[in-house]
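Asks: This is the structure alone, sequence omitted:
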């Protein structure tokens, strides 16, 4: 599962959801331009507002958007 979150404070996170992935370790800052070099669909995430998320089961699947619950 691939996921992007824009938390209520406006901070963004990109998570891959794969066991053993880097998010289980220390967070890292990455420029969105580097991510877009590998996946142009990340541009669709620009519509995320605070308190929203987008997810998809694989890199070839479309993004599904929703609101974070409390």
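Replies: That came in fine, so what should we check first? It should be emphasised that the depicted structure is a prediction, and the values quoted were computed from it without experimental measurement. Numbers count the residues shown, from 1 in each chain.

Asks: Residue 35 falls within a helix, correct?
Replies: Yes. Counting by DSSP: H, G, I helix; E, B strand; the rest coil, residue 35 falls inside a helix.

Asks: Could you double-check that it lies in contact with residue 4?
Replies: No. When contacts are counted by C-beta atoms under 8 Å, residue 35 is not listed as touching residue 4 (9.7 Å). Bear in mind the C-beta positions are built from the backbone N, C-alpha and C, glycine included.

Asks: Mutual contacts of those two, please.
Replies: 14, 42 (C-beta atoms under 8 Å, 6 or more residues apart in numbering).

Asks: higher neighbour count, those two?
Replies: residue 4 (20 against 15; other C-beta atoms under 10 Å).

Asks: what about the more buried one, which SS state?
Replies: Residue 4 ends up strand, using three-state DSSP.

Asks: which residues does it contact?
Replies: Counted by C-beta under 8 Å, 6+ apart, residue 4 has contacts 12-15, 42, 45, 48, 53-55, 63.

Asks: one more time with 10 Å
Replies: Going by C-beta atoms under 10 Å, 6 or more residues apart in numbering, residue 4 touches 12-15, 35, 42, 44-45, 48, 52-56, 63, 65.

Asks: Please produce a ChimeraX select command covering the buried subset of those residues.
Replies: Provided next is the ChimeraX selection string for whichever of the contacts of residue 4 are buried by 16 or more other C-beta atoms under 10 Å:
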select :15,42,45,48,52,53,54,55,56,63
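
Asks: for the contacts of residue 4, which one is nearest residue 27?
Replies: residue 13 (7.8 Å; C-beta to C-beta).

Asks: quick one: contacts for the closest one?
Replies: Per C-beta under 10 Å, 6+ apart, neighbours of residue 13: 3-7, 23, 27, 53.

Asks: confidence score at it?
Replies: Turning to residue 13, the model gives it a pLDDT of 82.

Asks: same question, residue 8
Replies: Residue 8 is given a pLDDT of 87.

Asks: Phi, psi for the closest residue to residue 2 other than its chain neighbours please.
Replies: Excluding the flanking residues, the one nearest residue 2 by C-beta to C-beta, 6 or more residues apart in numbering is residue 56, at 5.2 Å. As for residue 56, its main-chain torsions (degrees, to the nearest 10) stand at phi -160, psi 150.
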